[in-house]
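**Student:** need a structure here:
(2 chains)
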Amino acid sequence: MCEYSRKLIAWLDRELADDEMTDVQRHLGECFACRTRLAKYEQVSKALDSYCAAVVEANVHTRRPSWVPTLSLVAAAAVASAFAIVLLRPHKEQPVSVRPVVAAQPVVVPEATRAPGKVANRQRSRPRAAAQTVNWQPAEPVIQVAIPAESMFPPGAIPEGVSFTADVSFGPDGSAQQIRLRPRLIGFERRTTQP
Amino acid sequence: MSGDSLVLPLSRLGSRACEVSTLYRELREPLLRYLVCLGLSSDEAQDVVQDTFLSLHRHLASGGPQDNIRGWVFRVAHNQARNRQGSYHRRFGEPLDVEDNAIVDQNTPEHVVLEKEKLRRLDKALDRLSTSERECLLMRAAGLRYREIGQALGIPVSTVGDTVERAIRKLTETFHV
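**Tutor:** Just a heads-up that it's a prediction; the model follows:
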């Protein structure tokens, strides 16, 4: 076997030093066996690319039902309405009746604590102990949608690509009672069911 | 990613946003492709990608080293995939179900059949490789340089070169191109 044969794949991947790249290039012009071998390596590399694309196609794209985006739009409209109701309604004191059970760290925003403006700051300044005393026990019905971060936070505050999943629970009178926000990365929203 | 809430300080988020966004746009698809080809389900791969980029954000926000950041991202994702031992490598050994629309050139039905058969043969050939050979090849197919693969897998660059070379030669022999 030609002494250059072991350098062919590194040459193909442009992983050799400049002088070696030139050397192999020159050798390929002279050696038919290496050119044939290189063609096979290129063929396998291309087949591997096709293989990866096919595996992703089989595992990712075909598993997302076509109605999900539509449902997301409808749900987004619903949650936008819920936000509007919550943010525009006059502030009045109401006792929070739910009790804690969740160990995670969701941002739970009960209706009584919400007021127009400074949503982000309030979420961060909220004492952790206080957040944990409010438990997430969603009342029926519950919807879960993704909300673009830029619709809630100042420009640049949240990295592009991050969105939030909002779990909204409604009271018997149709008003939004609780909203739980969880960060997600745009493009990878998953349909999830409420626990 | 369950249980992660937004706890990063806003002042630091803004300055890193561009950096993370650029890497996210660049690496999301290759990462997803690598993880799914490695054997994770699409849902698991999506979770790993999300967790990886949140880790990246924390890494950058805390002033972590930024050299070879692509390798760093793949290393985090790769380790998370390894932690999911239940599904890792699960797909290898199972028949590859290739969709018709996964074949790029669909000139004739015969061509589609041949291409599908070729991909199944390649799947079997990949199954015969060692784990490190397969991981190196899949990272190479995801567009990583040898230096980045070395960082991701924690092996020297020269070992990556040898492993890729050996794996391609094995594939060429068993794939009969």
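**Student:** Could you identify the helix or strand that succeeds the host helix or strand of B:Leu138?
**Tutor:** Here B:Leu138 sits within helix B:131-141, counting by DSSP states H and E. Per DSSP H and E, the first helix or strand lying C-terminal to helix B:131-141 is helix B:146-153.
**Student:** Could you check the angle that following helix makes with helix B:131-141?
**Tutor:** 130 degrees (axes from the mean of the first three to the mean of the last three Cα atoms, to 10 degrees).
**Student:** residues in contact with whichever helix or strand comes after helix B:146-153?
**Tutor:** Once the chain leaves helix B:146-153, the next helix or strand it forms, by DSSP H and E, is helix B:157-175. Helix B:157-175 is contacted from outside by A:6, A:9-10, A:13, A:15, A:40-41, A:44-45, A:47-48, B:121-122, B:124-126, B:128-129, B:132-134, B:136-137, B:140, B:146-147, B:149-150, B:153, B:155, using Cβ atoms under 8 Å, 6 or more residues apart in numbering or on different chains. From N, CA and C alone the C-beta is placed, and that goes for glycine too.
**Student:** ChimeraX command to pick out the buried ones of those residues?
**Tutor:** Here is the ChimeraX selection string for the buried members of the contacts of helix B:157-175, based on 16 or more other Cβ atoms under 10 Å in any protein chain shown:
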select /A:9,10,13,15,40,41,44,45,47,48 /B:121,122,125,126,129,133,134,136,137,140,146,149,150,153,155
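**Student:** Run through chain A and note the low-pLDDT ranges.
**Tutor:** A:60-171, A:173-195 (pLDDT under 70).
**Student:** what's the closest non-adjacent residue to B:Glu19?
**Tutor:** Counting by Cβ to Cβ, 6 or more residues apart in numbering or on different chains, B:Glu19 lies nearest to B:Leu60, which is 6.1 Å off, once chain neighbours are set aside.
**Student:** is it true that the one you found touches B:Val20?
**Tutor:** Yes - the pair B:Leu60 and B:Val20 qualifies as a contact (Cβ atoms under 8 Å) at a distance of 6.6 Å.
**Student:** So which residues of chain B form strands?
**Tutor:** Counting by DSSP state E, chain B has no strands at all.
**Student:** Check it and tell me which residue is nearest its centre.
**Tutor:** For chain B, the residue nearest the mean C-alpha position is B:Tyr34 (2.0 Å; Cα atoms, centre = their mean).
**Student:** Counting neighbours, what do you get for the residue nearest to B:Glu19?
**Tutor:** 21 (other Cβ atoms under 10 Å in any protein chain shown).
**Student:** Now do B:Tyr34 against A:Asp23, distance only.
**Tutor:** Relative to A:Asp23, B:Tyr34 is positioned 32 Å away (Cβ to Cβ, to the nearest Å).
**Student:** Ok, B:Ala142 next?
**Tutor:** B:Ala142 sits 29 Å away from A:Asp23, taking Cβ to Cβ as the criterion.
**Student:** Between these two, tell me which one has more neighbours.
**Tutor:** Neighbours were counted for B:Ala142 and for A:Asp23 using other Cβ under 10 Å; B:Ala142 has more, 23 against 15.
**Student:** The more buried one contacts B:Leu31, doesn't it?
**Tutor:** Yes - between B:Ala142 and B:Leu31 there is a contact at 7.3 Å, judged by Cβ under 8 Å.
**Student:** For these two, list the residues in contact with both.
**Tutor:** B:Phe74.
**Student:** Could you count how many residues lie near B:Leu114?
**Tutor:** Neighbour tally, B:Leu114, other Cβ under 10 Å: 12.
**Student:** And for A:Arg14?
**Tutor:** Around A:Arg14 there are 9 residues (other Cβ under 10 Å).
**Student:** Wait, it touches A:Gln25, no?
**Tutor:** No - counting by Cβ under 8 Å, A:Arg14 stays clear of A:Gln25, with 11.1 Å between them.
**Student:** how about the helix holding B:Leu138, does it reach chain A?
**Tutor:** Yes - shown here: helix B:131-141 in contact with chain A (Cβ under 8 Å from any Cβ of the partner chain) through B:137-138, B:140-141.
**Student:** List just the nearest of those to chain A.
**Tutor:** Among the residues of helix B:131-141 next to chain A, B:Ala141 lies closest to chain A (Cβ to the nearest Cβ), at 5.1 Å.
**Student:** and the longest helix for chain A?
**Tutor:** Ranked by residue count, the top helix of chain A under DSSP state H comes out as helix A:32-59.
**Student:** List the buried residues in that helix.
**Tutor:** Under 16+ other Cβ under 10 Å, the buried positions of helix A:32-59 are A:34, A:37-38, A:40-41, A:44-45, A:47-48, A:50-59.
**Student:** out of those, which touch chain B?
**Tutor:** A:40-41, A:44-45, A:47-48, A:50-59.
**Student:** Sketch out the low-pLDDT regions of chain B for me.
**Tutor:** B:1-18, B:85-107, B:176-177.
**Student:** Would you map the helices across chain B?
**Tutor:** B:10-38, B:42-61, B:69-83, B:109-127, B:131-141, B:146-153, B:157-175.
**Student:** Find the nearest non-adjacent residue to A:Glu42, please.
**Tutor:** Leaving aside its chain neighbours, A:Glu42 sits nearest to A:Leu12 (6.5 Å; criterion: Cβ to Cβ, 6+ apart).
**Student:** shouldn't the one you found be in contact with A:Arg37?
**Tutor:** No - using Cβ under 8 Å as the test, A:Leu12 is too far from A:Arg37 to be in contact (10.4 Å).
**Student:** returning to what we had before: ok, now which ones touch the residue nearest to the centre of chain B?
**Tutor:** B:74, B:77-78, B:138-139, B:141-142.
**Student:** redo that, cut-off 6 Å
**Tutor:** B:138, B:142 (Cβ atoms under 6 Å, 6 or more residues apart in numbering or on different chains).
**Student:** now swap in A:Tyr51 and tell me
**Tutor:** Taking Cβ under 6 Å, 6+ apart as the test, what A:Tyr51 contacts is B:119, B:122.
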